[in-house]
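Quick one, structure for this:
(chains A, B, C and D)
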There are 2 protein chains.
Amino acid sequence: MAVTIHKVAEAAKVSPRTAYRALNNEPHIHPQTRRRVLEAAARLNYQPNIHARNLVLQKTNTIGVIFPDSRNPVFGEFATFIDARARERGYECHFLHSEGEPEREAKFLNLAFVSSVDGLIVFPNFLDVNRELYGQLIINRFPLVLRGAPELLLGVDVVTVDLELAGYLATRHLLELGHKHIGILISKFALGHLPGRILGYQRAHEEKGVPIHPGYRIECGHRLEDGYKAIRELLSGQPKITALFCHNDYLALASFRAARDLKRRIPRNLAVVGLDDIELGQYCEVPLTTISHQKESEGQTLVDLLCDRIDTPEKPPRRITLKPKLVVRESCGASLRR
Amino acid sequence: MAVTIHKVAEAAKVSPRTAYRALNNEPHIHPQTRRRVLEAAARLNYQPNIHARNLVLQKTNTIGVIFPDSRNPVFGEFATFIDARARERGYECHFLHSEGEPEREAKFLNLAFVSSVDGLIVFPNFLDVNRELYGQLIINRFPLVLRGAPELLLGVDVVTVDLELAGYLATRHLLELGHKHIGILISKFALGHLPGRILGYQRAHEEKGVPIHPGYRIECGHRLEDGYKAIRELLSGQPKITALFCHNDYLALASFRAARDLKRRIPRNLAVVGLDDIELGQYCEVPLTTISHQKESEGQTLVDLLCDRIDTPEKPPRRITLKPKLVVRESCGASLRR
DNA sequence: CTGAAAGCGCTAACAT
DNA sequence: ATGTTAGCGCTTTCAG
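Down below sits the predicted model:
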């Protein structure tokens, strides 16, 4: 391949500068010359070399998006929304997945320094382990938007879901359905010492005056298999549990099989609430009750914040907190009681 | 950011050439000089500018991977396998999703011309619509590996699954369980006039002497919702159907809810076979019987073929056909009969 | 309206 | 062992 602007110019019998003018819709060029150049370019199938362009412009029109995990379908959904908005705003996206490995996340953060993206949207998993790197990006004012980060993290744009509220809504729903023994499944990648989900879970219990049993909480990895094992363990160890709030919908999906293995049926003998409102949740045998954040507008917000940051670096950072809401379907049996 | 090799050289009081030698582990440099340079680089947090490098090397060490769809989890699984092997071989991956839109696929194919990747692995959806573009890539000997392509496509490396066999194995399994009325759900993106799955479905019927009812076949889009609607339509329109072979596991997952809405239970009143052996299939309430191709080795093969092609362009193209196999779980009730 | 020339940052052939 | 220099292909300043 390697047909350069120089070759096009040659073919059209003009200088590279003139070819450039034609190809980039610059003014001050004779319409006929322009036509000649454009024809030559089409004939030779000219495509500007993106590296040369990026090198000189110091701009790639690309944003990097770092997800924690490629298996959880919620990130696929995010990807489509983010990609759509990014395109509207003239950017391409590169999607990366840290797959639960801090080193991978670190490596991707370095992308920024390699100047191969104009900005970064990160769903951080290892804010603590990689705090140096995040810090470097922030003090160097590299365009960065975080999806989910503790309040104390300043100097950076953040879009976050009120997870305390999420935990509260889920738990309250279960309590209102009469459950007194509610398990909670938490990913060990959840940010913070006492993740928001747990705080909300506690608040709902306090509000209803239902005591909390510490053994009802279990941690697990991010894989479906991890969820499956943890849920089985929890349910066998704590047979009184009649309801379960899962860290996310993806892991919640594993509860169907776990329940069945233990001769339980959802929702009859086990109520389940997830979080994320993934598409699959609507199409499983017992549609999943869940806590929904508006992923589409969330994705748009992420992109918009980033683009604004790129365009006007001096603007003070913003923190946007989204309020999730409960979506009642059938996995808690709520609709059956009507 | 913008700390160049020149700055590092300056800081270490050497010429850029020497700095380069140190930073790239070239020989013919005094150990002390090397150390001085490396220290300076570390101190300044030097990262080579990737665009300058790509520009001069005409090599990006990046491969593009074009998937048809970001929602179907099978592509997430492929992505991890492809990514892992690519890394082993020194490449980064860029994953792209054409989302059922020919123009997107076309746009991504153009990536190649923009020389921003060294090669392309494509899971083609629109081989026909975009045949010009594919042709261009092939005649220009751009490193390209296709995953799934008709036999008549020559001059390009192909990894393909024997879908006729897949259809045969699935259907035979159902026939052997005594089903006489077997529905088949086919994605409208399936390649070819009579997709392999259907041919295998027919062969199994012929072999067992069971007649085929044309109304038992239905087409659908690639989204879960499409699958759900199609399955509902098929089952309501053809109530005799007692078994279903779905285009892939992802769409098969929708059959659980569709069945339930029609007051059927899987596997009791409806047997279901999928294809792909996605992780989720193991964890749904009734683990999914499916046709499995070995995705991990498949992903590796794709990468290996591409890397070989990049390294030795003159090597004759290869076509590798994988033989899928049946994985019996519970969605056909097979194990219950024992 | 058109063109010459410099430079983005890295690599590499060719001195010294 | 170290340095000089040219060039990858594009963009852009400045002249004509």
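
Could you name the specific helix or strand carrying residue A:37?
helix A:31-44 (DSSP states H and E).

what comes into contact with that helix?
Helix A:31-44 is contacted from outside by A:3, A:7-9, A:11-14, A:18-19, A:21-23, A:46, using CB atoms under 8 Å, 6 or more residues apart in numbering or on different chains. In short, each C-beta sits where N, CA and C put it, glycine included.

Name the residues of the stretch 51-200 of chain A found near DNA strand C, please.
With CB under 7 Å from any atom of the strand as the criterion, the stretch 51-200 of chain A meets DNA strand C at residues A:52, A:55, A:56, A:58.

what's the closest of these to residue A:315?
Relative to residue A:315, the closest of those is residue A:58; by CB to CB it sits at 20.3 Å.

pLDDT averaged over stretch A:69-85 - what is it?
Mean pLDDT, stretch A:69-85: 95.

Outside of that stretch itself, list whatever touches it.
Under the contact criterion CB under 8 Å, 6+ apart, stretch A:69-85 has outside partners A:65, A:67-68, A:93, A:95, A:97-100, A:121, A:123, A:222-224, A:248-250, A:276, A:278-280, A:295-296, A:298-300, A:302-304, B:70-71, B:73, B:76-77, B:79-80, B:97, B:99, B:279.

Show me which of the contacts of helix A:31-44 are buried.
A:3, A:7-9, A:11-12, A:14, A:18-19, A:21-23, A:46 (16 or more other CB atoms under 10 Å in any protein chain shown).

For residue A:266, give me its contacts.
A:255, A:256, A:259, A:272, A:286, A:331, B:285.

Go again with 10 Å.
A:244, A:252, A:255-256, A:258-260, A:272, A:284-286, A:288, A:330-333, B:285 (CB atoms under 10 Å, 6 or more residues apart in numbering or on different chains).

Which stretches in chain A count as helices?
A:5-12, A:16-23, A:31-44, A:50-57, A:73-88, A:102-110, A:131-139, A:163-176, A:196-208, A:224-237, A:249-261, A:279-283, A:295-311, A:334-337 (DSSP state H).

re the thing from before, of all pairs in the buried ones among the contacts of helix A:31-44, which one spans the longest distance?
Pairwise distances across these peak at 18.1 Å for A:3 and A:21 (criterion: CB to CB).

before we move on, the earlier item: show me which of the residues of the stretch 51-200 of chain A next to DNA strand C has the smallest pLDDT value.
Per-residue pLDDT puts residue A:58 lowest of these, at 91.

Quick one: end-to-end distance for stretch A:145-160.
The first and final residues of stretch A:145-160 sit 10 Å from each other (CA to CA, to the nearest Å).

so which of the contacts of stretch A:69-85 also contact DNA strand D?
Okay, of those, nothing touches DNA strand D (CB under 7 Å from any atom of the strand).

what's the closest residue to residue A:290 other than its chain neighbours in contact with, if anything?
Closest residue to residue A:290 apart from its sequence neighbours, by CB to CB, 6 or more residues apart in numbering or on different chains: residue A:274 at 4.3 Å. Going by CB under 10 Å, 6+ apart, residue A:274 touches A:170, A:185, A:244-253, A:255, A:281, A:288-292, A:327, A:329, A:331.

Just the pLDDT at residue A:274, thanks.
You'll see residue A:274 listed with a pLDDT of 98.

Look up how far residue B:227 lies from it.
From residue A:274 across to residue B:227, the span is 21 Å (CB to CB, to the nearest Å).

how many other residues sit next to residue A:254?
Residue A:254 has 27 neighbouring residues, counting by other CB atoms under 10 Å in any protein chain shown.

got the contact list for it?
A:185, A:220, A:223-232, A:246, B:279-280, B:282-284.

Can you tell me how far it is from residue A:158?
The spacing between residue A:254 and residue A:158, counted by CB to CB, is 30 Å.

With residue A:305 instead?
9 Å.

Which residues are in contact with each of those two?
A:144, A:145, A:146, A:147, A:317, A:318, A:319, A:320.

Turn those residues into a markdown table, including neighbour count.
Below are these laid out as a markdown table (neighbours: other CB atoms under 10 Å in any protein chain shown):
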| residue | neighbour count |
| --- | --- |
| A:144 | 24 |
| A:145 | 27 |
| A:146 | 25 |
| A:147 | 24 |
| A:317 | 16 |
| A:318 | 14 |
| A:319 | 15 |
| A:320 | 15 |
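
Go through the residues you listed and say which is closest to DNA strand D.
Comparing the shared contacts of residue A:305 and residue A:158 against DNA strand D with CB to the nearest atom of the strand picks out residue A:144 as the nearest, at 24.7 Å.

Where in chain A is the helix or strand with the lowest mean pLDDT?
helix A:334-337 (a mean of 56; mean pLDDT, DSSP states H and E).

where in the stretch 201-338 of chain A is pLDDT low?
Within the stretch 201-338 of chain A, the stretches with pLDDT under 70 are A:335-338.

and if we set it to 80?
Within the stretch 201-338 of chain A, the segments meeting pLDDT under 80 span A:334-338.

Now do the residue in the stretch 101-250 of chain A that DNA strand C sits nearest to: how many residues are near it, please.
DNA strand C sits closest to residue A:115 of the stretch 101-250 of chain A, with a gap of 8.0 Å, by CB to the nearest atom of the strand. Using other CB under 10 Å, residue A:115 has 21 other residues around it.

Surely it and residue A:60 touch.
Yes. Shown here, residue A:115 and residue A:60 form a contact pair, counting by CB atoms under 10 Å, at 7.6 Å.

thinking again about what came up before, pull out the buried members of the contacts of residue A:266.
Buried among these (16+ other CB under 10 Å): A:244, A:252, A:255-256, A:258-260, A:272, A:284-286, A:288, A:330-333, B:285.

List only buried entries from the contacts of residue A:254.
Using 16+ other CB under 10 Å as the burial test, the contacts of residue A:254 include A:185, A:220, A:223-224, A:226-232, A:246, B:279-280, B:282-284 as buried.

quick revisit: show me the common contact partners of residue A:115 and residue A:60, please.
With CB under 10 Å, 6+ apart, residue A:115 and residue A:60 have common neighbours A:54, B:50, B:51.

Could you pull up the residues touching the last one?
Residue B:51 makes contact with A:49-58, A:60, A:114-116, B:60, B:116, according to CB under 10 Å, 6+ apart.

Distance check, the residue nearest to residue A:249 when sequence neighbours are not counted against residue A:200.
Nearest residue to residue A:249, sequence neighbours excluded (CB to CB, 6+ apart): residue A:274, at 3.7 Å. Separation of residue A:274 from residue A:200 (CB to CB): 14 Å.

And residue A:305 and residue A:158? Which one has more around it.
The residue with more neighbours, out of residue A:305 and residue A:158, is residue A:305; 26 against 21, by other CB under 10 Å.

doesn't residue A:89 make contact with that one?
No. At 11.3 Å, residue A:305 does not count as touching residue A:89 under the criterion of CB under 10 Å.

picking up where we left off before, and the shared contacts of residue A:305 and residue A:158, which of them are in strands?
Members of the shared contacts of residue A:305 and residue A:158 lying in strands (criterion: DSSP state E): A:144, A:145, A:146, A:147, A:319, A:320.

Bridged to the third one, which residues?
Going by DSSP bridges, residue A:146 is paired in beta bridges with residue A:122, residue A:158.

My guess is residue A:130 contacts residue A:138. True?
No. The criterion here is CB under 10 Å, and residue A:130 misses it with residue A:138 at 11.9 Å.

The two - which one has more neighbours?
residue A:130 (21 against 16).

Excluding chain neighbours, what is closest to the more buried one?
Using CB to CB, 6+ apart, the nearest residue to residue A:130 is residue A:106, at 5.1 Å.

okay but that neighbour is in contact with residue A:129, surely?
Yes. Using CB under 10 Å, residue A:106 is in contact with residue A:129, at 7.9 Å.

what's the overlap in contacts for the two?
Applying CB under 10 Å, 6+ apart, one finds that no residue jointly contacts residue A:106 and residue A:129.
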